[in-house]
Structures are given as structure tokens and as C-alpha cells.
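Q: generate a structure from the sequence data that follows.
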Amino acid sequence: MKELITKFYESFANLDAETMAECYHTDVVFEDPAFGKLEKEKVGNMWRMLCDSQRGKGMHISFGGVEATENTGKANWQAVYTFSKTGRYVNNKITAYFEFKDGLIIKHTDVFNLYRWSQQALGIPGYIIGWTPSFKTKLNAQTNSMLEKWESKNNKKDS
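A: Numbers count the residues shown, from 1 in each chain. Just a heads-up that it's a prediction; the model follows:
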């Protein structure tokens, strides 16, 4: 399963969302602080949207510390990019946890410090409100709305 995780992040580094999506089981569940919980086709579509939005913008993905058994896995990865809404530099360090079924990822949980991310992405407003539960709720609503608009535009609806 280490090979599957490696394939996933190598594909991400190349902004190849289709190959990333192929690493997922059809019943996948994804969760992170920015999007909250996503299921099934929405997970692949999230990566498609993110990769589409970063093409030609210099985002850099790196990863390491890949560990895996037949049923679970873990990796550390890092995304360095410019946050489009503010033009601010972000260096987000993430730990990913995986569960596998039928040789594919069935559960993917990304863990990172949302308060640290908000400070980098938003500057002073991030320092002031980035730690609050209401910030996370609003961010989840915004990211999911962006995903729904992307899906509508690209005809990739949740199945």
C-alpha cells in the first residue's frame, strides 16, 4: 500500500487529479479542516478542482514518511502555494491517515493546524478569527460551495 500512497502524492505533485482519483475506492470518505467531510465522487472532484485551480501557479507538493500495512497507512506531505484570495504565501504541513479496502483508499483523513494555515493565508484576520469554531464552519461552507460550483460547471456530480 506504500506504492499506492506514493502514486497518489506523485500524481498530486504533477497536478494529475485523475490518477489521484483512481487511487480511491468508490465508497471513499475524506476529511480535513478546510472541506470537512466529503464522500464518494466529491472526493475525486475536490482534487480535480484543486489541481485545476493551481495549474501554472507554481504550487509545490512534497511528501515523505510513507508508512503502510495492508489495512492502514500514513504520510506527511506539504503544500507550498500562493493563496489566490489574498496573494499570500502558504506552507501547509499535513499528516495524512489512510484506510484501505480492495487495494484502494477507502478513508483519507488530512490533519493540519487550521489556525496556522489561516494566519498564513489571511494574515491579520487569520490571527484574529482563525482559531474560532465559526471560522472553520464558514470555511467549510465556502469550500463546499466552491466544489458544488466546480461540479456544476464541469458536470461531475456526486454519484
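Q: just list whatever residues bridge to the closest residue to G64 other than its chain neighbours.
A: In space, G64 comes closest to N76 once its chain neighbours are excluded; the distance is 5.7 Å by Cβ to Cβ, 6 or more residues apart in numbering. Bear in mind the C-beta positions are built from the backbone N, C-alpha and C, glycine included. Beta-bridge partners for N76, by DSSP bridges, are G64, T95.
Q: so what's Y89 up against?
A: If a contact means Cβ atoms under 8 Å, 6 or more residues apart in numbering, then Y89 has V80, Y81, T82, F83, Q120 as its contacts.
Q: which helix or strand contains it?
A: Using DSSP states H and E, Y89 falls within strand 88-101.
Q: which parts of this protein are strands?
A: Applying DSSP state E to the chain gives strands spanning 24-32, 36-39, 60-68, 72-83, 88-101, 104-111.
Q: distance from the chain centre to the lengthiest helix in the chain, please.
A: Longest among the helix segments of the chain by residue count, using DSSP state H, is helix 133-154. Offset of helix 133-154 from its chain centre (Cα atoms, centre = their mean, to the nearest Å): 13 Å.
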